[in-house]
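**Q** Sequence first, predicted model second:
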Amino acid sequence: MAELSPGSSAEEVLAHLRSIGSEENRRGMLRYGIRIDRALGIPHGVQRQIARKIRRNHERAFELWASGITEAQFIASVTADPKRLTVDDARAWAASFDSWDIVDGVSDLFVDTDHWRELIDEFAADEREFVRRTAFAMIAWSVVHRKKEPDATFLHFLRLIEVHAADERNFVKKAVNWALRCIGKRSLALHAPAVALAEKLAASPDKTARWIGRGAVKELTDAKTLARLESKKRSD
């Protein structure tokens, strides 16, 4: 089989993926709550290596996505052009999400699009479990990617977190908790309102909101977290 390169076709990439799949790895994914009916069992690091090797190609990315293979779809998300991904493209991809791992991988791409904030609001309002998770995974990723974004954007996201903190579905509540913790660690200016919300949720009569709040309070008030924020403030 030919070595993969930027000139490799979608068919060649898919053939390579099928040749290196592992049933043992595939079964092991179940331990992490990952659906395996569309997976080949290829480690995440290997998927990233393949994406680096074949590089960005927007048209090929859509061909890989259309295969329905989880690993091919992750590679598609890494090699698609975020500036060319439309709102409708993102909606179509999100509609097919069926496992937290593909949600979190593709959310990384969505945050780099020009319409990321629109998508967060839309996906948060969506009742489908993995589409709603996408909104909060995007919030978490935006802390990493959108370094020049004003604090006001993240204060709006805190309101979304409060609205959906009672969603008891496992993959939603974990993403809401993730988003809250990330916002609170972004800056000292955001730390205080994030902790205030976390404490409010921790005192909620709703058990899911309490779980989210308590977990966030524990991390955001940890001495190491506070020290990192102080250090970051001094270096800014």
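**A** Noted; the coordinates are in hand.
**Q** Only C-alpha atoms from now on, for both contacts and neighbour counts.
**A** Noted.
**Q** Just want to check the distance between the closest residue to His58 other than its chain neighbours and Arg228.
**A** Nearest residue to His58 in three dimensions, chain neighbours excluded: Ala80, at 4.4 Å (C-alpha to C-alpha, 6 or more residues apart in numbering). Note on Ala80: its distance to Arg228, by C-alpha to C-alpha, to the nearest Å, is 34 Å.
**Q** Can you list the helices and strands that the helix or strand that contains Thr153 packs against?
**A** Assigned by DSSP states H and E, Thr153 falls within helix 151-164. In terms of contacts (3 or more C-alpha pairs under 8 Å, 6 or more residues apart in numbering; DSSP states H and E), helix 151-164 is packed against helix 116-125, helix 170-184, helix 188-202.
**Q** For Ile102, which of these is the nearest?
**A** Closest approach to Ile102 among the helices and strands packed on helix 151-164 (C-alpha to C-alpha): helix 170-184, 12.1 Å.
**Q** mean confidence for the closest one?
**A** For helix 170-184, mean pLDDT is 98.
**Q** who's in contact with the helix holding Thr153?
**A** The contact list for helix 151-164, computed with C-alpha atoms under 8 Å, 6 or more residues apart in numbering, reads 121, 124, 136, 139, 176, 179-180, 183, 189-190, 193-194, 197, 201.
**Q** same deal with stretch 14-24?
**A** Contacts with stretch 14-24, where a contact means C-alpha under 8 Å, 6+ apart, come from 1, 40-42, 64, 71-72.
**Q** Name the residues of that stretch that come out as buried.
**A** Going by neighbour count (16 or more other C-alpha atoms under 10 Å), the buried part of stretch 14-24 is 14, 16-18, 21-22.
**Q** Spell out which two among the residues you listed are the most distant pair, please.
**A** Leu14 and Ser22 (14.4 Å).
**Q** This protein: helices as residue ranges?
**A** 10-20, 23-28, 44-54, 58-66, 70-79, 87-95, 100-110, 116-125, 129-145, 151-164, 170-184, 188-202, 207-220, 223-235 (DSSP state H).
**Q** Show me what counts as buried in the third one.
**A** Across helix 44-54, burial judged by 16+ other C-alpha under 10 Å covers 47, 50-51, 54.
**Q** Which of the helices of the chain comes out lowest on mean pLDDT?
**A** Among the helices of the chain, helix 223-235 carries the lowest mean pLDDT, a mean of 88.
**Q** Correct me if wrong: Thr70 contacts Pro43.
**A** No. Using C-alpha atoms under 8 Å, Thr70 makes no contact with Pro43, being 11.5 Å away.
**Q** So between these two, which is more surrounded?
**A** Under the neighbour definition other C-alpha atoms under 10 Å, Thr70 and Pro43 were set side by side, and Thr70 has more, 24 against 15.
**Q** Please tell me how far Asp104 sits from Phe74.
**A** Shown here: Asp104 relative to Phe74, a distance of 10 Å by C-alpha to C-alpha.
**Q** So for those two, which residue has more residues nearby?
**A** Neighbours of Asp104 and Phe74, each counted by other C-alpha under 10 Å, are more numerous for Phe74; the result is 24 against 21.
**Q** Not counting sequence-adjacent ones, nearest residue to Arg82?
**A** I think there's a mix-up here, since residue 82 is Pro and not Arg. Using C-alpha to C-alpha, 6+ apart and skipping the chain neighbours, the partner closest in space to Pro82 is Thr113 (4.8 Å).
**Q** Just the buried ones from the contacts of stretch 14-24, in PyMOL syntax?
**A** Command for PyMOL, covering only those of the contacts of stretch 14-24 found buried under the criterion 16+ other C-alpha under 10 Å:
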select buried, resi 40+41+42+64+71+72
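**Q** Quick check: Gly68 vs Lys200, distance?
**A** In terms of C-alpha to C-alpha, Gly68 sits 41 Å off from Lys200.
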